[in-house]
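A.B. asks: this one's sequence-less:
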């Protein structure tokens, strides 16, 4: 499976309006694309920062969708007056889920730059992290990916509520530090979000 991650920044007061537009106008177009698996849109209501992750059956499906969705993406960012921050593509190397994501869930997103050649070694550390996270109250999902051409990695954990996510931080921070050491991280960003829109079926296979 492959994923596209887009991050944007807008006004905090416009988060709910952007959620409605995304759900009503963007999601139907995505569903029509061949190889589309699902999408999750998240935001920080206090800052207006937001992110959208789409999953695709293959790298080919991801590439094929780029042209079809580029115009829509440009139009939506202009209409909603948001600032694009990054657009990244990843190979999903680990996905452990406990049911489908839902509006109101909470997410911690870690993005790092490291050694792409260490992806194989990192997988063992990621599995250990997923195993630990899955034992904690409120756990919903652990998803990790790598862009082997740039050395970018991401790890997203999903929780029933923001309280569960925040309570898990102390238990998982050591795992994150070990992973950073394993892949030789030179840059790390950790962000927290609330799930606004989730169109990801429960039967997406774990990897």
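C.D. replies: Here it is on my side, so go on. This is a predicted model, so every value here is computed, not measured.

A.B. asks: what does the helix or strand harbouring residue 166 rub up against?
C.D. replies: Per DSSP states H and E, residue 166 falls inside helix 162-183. Here helix 162-183 makes contact (Cβ atoms under 8 Å, 6 or more residues apart in numbering) with 106-108, 110, 112, 114-115, 118-119, 121-122, 125-126, 128-129, 132-133, 136-139, 153, 155, 157, 159, 188, 190, 192, 194. (C-beta placed from N, C-alpha, C; glycine too.)

A.B. asks: report the buried residues of it.
C.D. replies: Using 16 or more other Cβ atoms under 10 Å as the test for burial, helix 162-183 gives 162, 164-165, 168, 172, 175-176, 179-180, 182-183.

A.B. asks: direction included, what does the host helix or strand of residue 156 pair against?
C.D. replies: Assigned by DSSP H and E, residue 156 belongs to strand 152-159. Applying DSSP bridges, strand 152-159 is found paired with strand 106-113 (antiparallel), strand 139-147 (antiparallel).

A.B. asks: just how off-centre is the longest one within its chain?
C.D. replies: Yep, that's strand 139-147 we're talking about. With Cα atoms, centre = their mean, to the nearest Å as the basis, strand 139-147 stands 7 Å off its chain's centre.

A.B. asks: other residues contacting it?
C.D. replies: 2-3, 88-99, 101, 105, 116, 119, 122, 126, 129-130, 133-134, 152-160, 164, 168.

A.B. asks: that strand versus helix 162-183: what angle between them?
C.D. replies: 30 degrees (axes from the mean of the first three to the mean of the last three Cα atoms, to 10 degrees).

A.B. asks: returning to what we had before: now the strands paired with strand 152-159 in a markdown table, with mean neighbour count and distance to residue 56?
C.D. replies: Formatted as a markdown table, the strands paired with strand 152-159 follow (neighbours: other Cβ atoms under 10 Å; distance: least, Cβ to Cβ, whole Å):
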| stretch | mean neighbour count | distance to residue 56 |
| --- | --- | --- |
| strand 106-113 | 21 | 19 |
| strand 139-147 | 24 | 12 |
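
A.B. asks: save these as CSV, and put in distance to residue 60 and mean pLDDT too.
C.D. replies: Putting the strands paired with strand 152-159 into CSV (distance: least, Cβ to Cβ, whole Å; pLDDT from 0 to 100) gives the following:
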stretch, distance to residue 60, mean pLDDT
strand 106-113, 25, 96
strand 139-147, 16, 96
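
A.B. asks: all strands of this structure, in order?
C.D. replies: Along the chain, the stretches classed as strands by DSSP state E are 2-9, 36-43, 49-56, 83-97, 106-113, 139-147, 152-159, 187-199.
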